[in-house]
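Asker: Structure of the sequence below:
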Amino acid sequence: MAKIKVDGTEIEVRDDMTILQACEEAGREIPRFCYHDRLSIAGNCRMCLVDVEGSPKPVASCAMPVNEGMSIHTNTQKVKKAREGVMEFLLINHPLDCPVCDQGGECDLQDQTVAYGSGKSRFDLNKRSVEEKYMGPLIKTYMTRCIHCTRCIRFSEEVAGVEEIGAVNRGENMEITTYLEKSIDSEMSANVIDLCPVGALTSKPYQFEARPWELKKTETIDVMDAVGSNIRVDTYGWKVKRILPRLNEDINEEWISDKSRYACDGLLNQRLDTPYVRHDGNLNATDWNDALNECLSFMKNHKPDEIAFLVGDFIDLETSYLIKQLSESLNIKKIECRQEGVRLPYSDRSQYLFNSTINGIEESDCILIIGSNVREEAPIINTRIRKHLLNKNIPIGLIGEKFDLTFDYEHLGNDLNILKSISDGENNFCKILDKAKKPMIIIGQSVLSRDDSLNAYSLIEDIVHQYSFLDSSWNGVNTLQLSASRIGALDMGCYQSSRSLKDIYADAENGSLKLLFSFGADEIDYSKFQNTKIIYMGSHGDRGASNSDLILPSAAYTEKDAIYINTEGRLQYAYQASFPPSEAKTDWKIINQISEMLNLNWGFVTLDDVRKKIKNQYPDLFNQVSADRPYKRLLANKASKISFDNKEIGSMIKDFYLTDSISRLSKTMAECSQIRKELRNGKAI
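Answerer: Down below sits the predicted model:
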C-alpha cells in the first residue's frame with residue numbers, strides 16, 4: 001500500500017494502481033476518452049492530465065503508477081488549461097452533426113466538452129473528412145467523428161479475440177478500419193458501439209430510431225443463452241428499440257453477445273396475439289373461452305399415459321413449476337424439458353450446473369473442454385476463459401470438433417476414446433491434470449445428448465474423481481447448458497430420469513402418444529408427431545405453432561415479470577419492459593386458468609403467490625452461488641468396460657444467429673447469419 005495526497009487529502013491505495021484509479025478512489029472525477037477499466041492502457045487521448053508535484057508538466061494519469069508520498073492536484077489552473085487545449089485539438093476535425101448523431105444525449109465528447117472545454121477554438125483550418133468503413137450489418141461507421149482513442153482496436157484484440165480492427169497510416173492521415181473493410185467475424189463485435197466515446201461507431205439497426213430520453217429503460221435478464229447476462233431493455237411504446245448490457249461482475253461484466261443485443265427485432269415479427277384452433281386443416285382465430293374449452297376437451301379425451309408435456313427454451317421458473325404441478329395433478333408422467341435429447345438420470349443439482357461459477361473461471365489453473373463450442377454456446381463464458389488465459393496463461397485442452405475459440409488450446413482430438421486414455425493415465429494431458437490444483441472440466445451438450453452418453457459421463461466422472469477437480473473449497477465439474485429455461489425446469493423436475501425426448505418420439509411413432517402439450521418447445525422435430533394432436537403455448541409463429549391444432553398465445557421474455565436461473569444456478573429476476581400484444585397472456589396465467597377450469601384448487605391469484613410457494617418448496621434455489629458446492633456422483637464406475645464405436649463428437653449449434661424462435665424471426669440475425677456463411681466461404685469482403 002502507498003500513501004499519497006489527492007488535492008491535499010491523504011489516502012492509502014494499492015501499489016499497483018495508476019494515478020487515475022487513485023483519484024477515483026479519492027472521489028475525484030478524471031475525464032478520459034481512451035482509458036477503459038477492462039482494456040489495456042493506451043495513453044493517447046491525454047484528456048486525463050493531472051498535476052503532480054515535482055513534475056515539470058502535466059502527467060497522463062491513466063498511464064502513470066502511484067508512488068509513495070506522491071502529491072496530486074486535479075483542479076489547478078495548469079490542469080484546466082491543459083484539458084482545454086486537449087479538447088481543442090480533439091474538436092479540430094469533429095463534425096458539428098450532434099443533432100443527427102445517434103450518440104447524442106449519451107456522448108462522452110459532448111459531456112466533456114461542456115465540462116472541460118474552453119468554448120472557443122483558435123484553429124481556422126479546413127476539417128478533414130474520412131470515408132465510412134464497412135464493419136458488417138451491426139456497426140454503422142462515421143469515421144470523420146473518430147478521435148483515435150483505439151478502444152475498438154483494443155477490445156477486438158483483447159476481449160473478443162478477433163484481430164480485425166486496426167489503424168492504418170500515420171499523423172493526420174490515420175484511420176481506424178477493418179483493413180479489408182469486411183464484416184467483423186465475432187459474436188461480441190457490437191460491444192465496440194458502447195465503448196466508442198464519440199459516435200464514430202453506432203448501432204446500424206438502431207439508426208435514427210429514437211433519442212435516449214424518449215425511451216423507457218427496464219433492467220432485466222437476457223434469455224438468448226443460459227448465461228443470464230444482465231441487460232437493459234429500452235422501449236418506445238410497445239416496441240423494444242434496443243438492448244444494452246448492464247454491469248454484473250459475476251456474470252457478463254459489461255459485455256453482451258450480438259445475439260443478445262440484436263435479436264430483439266424478432267419480438268415484433270409473427271407474433272401470436274390471439275388463440276387459434278385448427279378446423280378442416282386450417283388455423284382459425286377464436287377467443288380465449290373457446291380455446292381453453294378446446295384445450296380441456298383435448299386433455300379430458302385422452303388418458304394420462306397418452307399425453308406428454310414438452311418445456312421450451314424461454315419458459316421461466318414460475319411457469320416450469322406450474323407445468324410440473326399440472327402434470328402431477330393429472331398424473332401425466334411424460335414430461336421433458338431437455339430438447340437436446342439428454343437422457344442422464346440426474347439425481348442431484350450439481351450434476352447439471354456450471355458448478356465452478358462463471359466468476360470462478362478466473363480461479364482455475366487448468367481447463368478441459370469436452371464436446372463444446374464455447375464461443376457459440378456461451379460467448380460470455382468464452383471471453384472469460386480468454387481473459388483468464390491472457391492473465392495467467394493456463395493450459396487448456398479440448399476433446400471434440402476443432403473450433404476457433406479465440407484463444408490457444410491443445411486439441412486432444414475428436415474421439416471420445418480419449419476420455420478412456422485420460423482415465424487410464426495414458427494421455428499426455430494427464431501430466432497437466434496431475435499438477436493442477438484447481439482444474440475445471442466443461443461438458444457440452446453434444447456429449448450428453450448422444451445415445452452412449454451414460455458411458456461418456458461415467459468416464460468423465462471417473463476422470464473427475466482421479467484428479468483434483470473436487471475438494472472442500474472447489475468444484476470443477478461444469479455442465480454448460482444452452483437455454484435460459486433449462487436449469488429452472490430441471491430444478492422443478494420437468495423431466496423423467498429414465499426417459500428422454502427420443503422416447504417421446506418413439507411413443508408418438510408407435511401410436512401410444514395421442515396428445516402433445518408444447519410449452520414453447522420450438523427446437524424439436526415436429527414431423528415425429530404427425531398422428532398426434534398438438535397444443536402449443538408460445539409467443540411466436542415458429543415451428544411449434546405451425547404444426548399445432550390449438551394455439552394459446554403467451555408473452556415474450558420482455559413482456560413479463562419472471563425468474564430465470566442461469567447455467568451456474570444463479571436465480572435472477574427479469575422485469576416487464578412492455579406488454580404482450582393484443583390478447584396474448586403471460587404464461588403462468590394461462591396454466592393457472594387451465595387449473596381453475598380443471599378444479600385443481602391451487603389457489604394462486606398473483607405471481608407472488610406462485611413465488612412464495614416455490615420458495616417454501618425449494619428454499620435452496622434462492623441461496624447465493626459459490627464454487628465450493630459439493631458434487632454428488634451420478635453413475636457407478638464403469639470405466640474398465642467402456643469403449644466407443646461412434647467416436648466423433650458433433651456440434652450442437654449449427655448457426656449461432658438462428659438458434660431459437662425469436663432469433664429465427666429477426667431480420668438482423670438473418671443478415672448476420674448470411675454474412676457469416678459468406679465469410680466462412682471466403683466470399684464476403
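Asker: And residue 635, what's its pLDDT?
Answerer: Here, the pLDDT recorded for residue 635 equals 83.
Asker: Over to the one 5 residues further on?
Answerer: According to the model's per-residue confidence, residue 640 sits at a pLDDT of 58.
Asker: same question, residue 684
Answerer: On the pLDDT scale, residue 684 gets 50.
Asker: just residue 337 next, same as before
Answerer: Per-residue pLDDT puts residue 337 at 96.
Asker: Check the burial of it by counting its neighbours.
Answerer: Residue 337 sits with 28 neighbouring residues when counted by other Cβ atoms under 10 Å. In short, each C-beta sits where N, CA and C put it, glycine included.
Asker: for it, what are its contacts?
Answerer: Contact analysis of residue 337 by Cβ atoms under 8 Å, 6 or more residues apart in numbering lists 310-311, 315, 320, 485-486, 489-490, 494-495.
Asker: how about CSV for the residues you listed, with distance to residue 534, secondary structure and neighbour count added?
Answerer: Below are the contacts of residue 337 laid out as CSV (distance: Cβ to Cβ, whole Å; DSSP: H, G, I helix; E, B strand; the rest coil; neighbours: other Cβ atoms under 10 Å):
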residue, distance to residue 534, secondary structure, neighbour count
310, 10, strand, 27
311, 15, strand, 29
315, 17, coil, 32
320, 20, helix, 28
485, 19, coil, 29
486, 22, helix, 28
489, 19, helix, 28
490, 24, helix, 22
494, 18, coil, 25
495, 20, coil, 24
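Asker: Quickly check those for the two that are furthest apart.
Answerer: 310 and 490 (14.0 Å; Cβ to Cβ).
Asker: Can you tell me which of the contacts of residue 337 is closest to residue 388?
Answerer: Among the contacts of residue 337, and counting by Cβ to Cβ, the member closest to residue 388 is residue 486, at 24.8 Å.
Asker: hang on, that closest one packs against residue 313?
Answerer: Yes: when contacts are counted by Cβ atoms under 8 Å, residue 486 is listed as touching residue 313 (7.5 Å).
Asker: burial measure for the nearest residue to residue 142 once chain neighbours are set aside, as a count.
Answerer: Leaving aside its sequence neighbours, residue 142 sits nearest to residue 200 (Cβ to Cβ, 6 or more residues apart in numbering; 5.6 Å). Neighbour count for residue 200, taken as other Cβ under 10 Å: 28.
Asker: ditto for residue 224
Answerer: Residues near residue 224, counting by other Cβ under 10 Å: 28.
Asker: That one reaches residue 484, doesn't it?
Answerer: Yes: contact criterion Cβ under 8 Å: residue 224 and residue 484 qualify, at 7.5 Å.
Asker: who's in contact with the nearest residue to residue 632 once chain neighbours are set aside?
Answerer: Distance criterion Cβ to Cβ, 6+ apart; nearest residue to residue 632, sequence neighbours excluded, is residue 348 at 3.8 Å. Shown in contact with residue 348 (Cβ under 8 Å, 6+ apart): 631-632, 634.
Asker: Derive a PyMOL selection command for the buried subset of those residues.
Answerer: Only the buried entries of these go into this PyMOL selection, using 16 or more other Cβ atoms under 10 Å:
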select buried, resi 631+634
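Asker: Residue 625: which of the contacts of residue 348 is nearest?
Answerer: Closest to residue 625, out of all of the contacts of residue 348 and judged by Cβ to Cβ, is residue 631, at 14.0 Å.
Asker: Chain neighbours aside, what residue packs nearest to that closest one?
Answerer: Nearest-residue entry for residue 631: residue 350, 4.6 Å, with adjacent residues in sequence omitted and distances by Cβ to Cβ, 6+ apart.
Asker: so the one you found, which of the three states?
Answerer: Here residue 350 is recorded as helix under DSSP: H, G, I helix; E, B strand; the rest coil.
Asker: Tally up the residues packed near it, please.
Answerer: Quick note: residue 350 (other Cβ under 10 Å) scores 19 neighbours.
Asker: and the gap between it and residue 470?
Answerer: Plainly put, residue 350 is 10 Å away from residue 470 if you go by Cβ to Cβ, to the nearest Å.
Asker: what sits in contact with each of those two?
Answerer: Common neighbours of residue 350 and residue 470 (Cβ under 8 Å, 6+ apart) are 477, 630-631.
Asker: Please render the residues you listed as a markdown table that adds secondary structure and pLDDT to the earlier fields.
Answerer: Formatted as a markdown table, these follow (DSSP: H, G, I helix; E, B strand; the rest coil; pLDDT from 0 to 100):
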| residue | secondary structure | pLDDT |
| --- | --- | --- |
| 477 | strand | 96 |
| 630 | coil | 92 |
| 631 | coil | 93 |
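Asker: What is the nearest of those to residue 578?
Answerer: Relative to residue 578, the closest of the shared contacts of residue 350 and residue 470 is residue 477; by Cβ to Cβ it sits at 39.3 Å.
Asker: Show me what that closest one bridges to in the sheet.
Answerer: residue 441 (DSSP bridges).
Asker: Please report how far it lies from residue 370.
Answerer: Going from residue 477 to residue 370 by Cβ to Cβ gives 11 Å.
Asker: about what we covered before: closest one of the contacts of residue 337 to residue 623?
Answerer: Set against residue 623, the nearest of those by Cβ to Cβ is residue 490 (16.7 Å).
Asker: if I pick that closest one, what's in contact with it?
Answerer: Counting by Cβ under 8 Å, 6+ apart, residue 490 touches 337-338, 346, 349, 352.
Asker: Could you do residue 288 as well?
Answerer: Neighbouring residues of residue 288 by Cβ under 8 Å, 6+ apart: 275, 583, 585.
Asker: Drop anything exposed from those.
Answerer: Here, 16+ other Cβ under 10 Å leaves 275, 585 buried among those.
Asker: and the contacts of residue 288 as CSV, adding secondary structure and pLDDT?
Answerer: Below are the contacts of residue 288 laid out as CSV (three-state DSSP; pLDDT from 0 to 100):
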residue, secondary structure, pLDDT
275, coil, 97
583, coil, 95
585, strand, 96
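Asker: Could you export the contacts of residue 288 to TSV, including columns for distance to residue 51?
Answerer: Supplementary listing: the contacts of residue 288 in TSV, determined by distance: Cβ to Cβ, whole Å:
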residue	distance to residue 51
275	70
583	65
585	62
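Asker: Which member of the contacts of residue 288 is positioned nearest residue 69?
Answerer: residue 585 (66.6 Å).
Asker: how about the nearest residue to that closest one once chain neighbours are set aside, what does it touch?
Answerer: Leaving aside its chain neighbours, residue 585 sits nearest to residue 554 (6.3 Å; criterion: Cβ to Cβ, 6+ apart). Residue 554 is in contact with 272, 520, 537-539, 580, 584-587, 590, counting by Cβ under 8 Å, 6+ apart.
Asker: let's go with 10 Å and repeat that
Answerer: 272, 314-315, 319, 519-520, 536-540, 560, 580, 584-591 (Cβ atoms under 10 Å, 6 or more residues apart in numbering).
Asker: Okay, strands next: where are they in the stretch 501-650 of the chain?
Answerer: Secondary structure of the stretch 501-650 of the chain by DSSP state E, counting those that start in this stretch: the strands cover 515-519, 533-538, 550-553, 562-565, 571-574.
Asker: could you redo the ones you listed as JSON lines and give each row distance to residue 14 and mean neighbour count?
Answerer: Below are those laid out as JSON lines (distance: least, Cβ to Cβ, whole Å; neighbours: other Cβ atoms under 10 Å):
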{"stretch": "strand 515-519", "distance to residue 14": "51", "mean neighbour count": "26"}
{"stretch": "strand 533-538", "distance to residue 14": "52", "mean neighbour count": "25"}
{"stretch": "strand 550-553", "distance to residue 14": "55", "mean neighbour count": "25"}
{"stretch": "strand 562-565", "distance to residue 14": "36", "mean neighbour count": "26"}
{"stretch": "strand 571-574", "distance to residue 14": "31", "mean neighbour count": "19"}
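Asker: Many thanks, have a good one.
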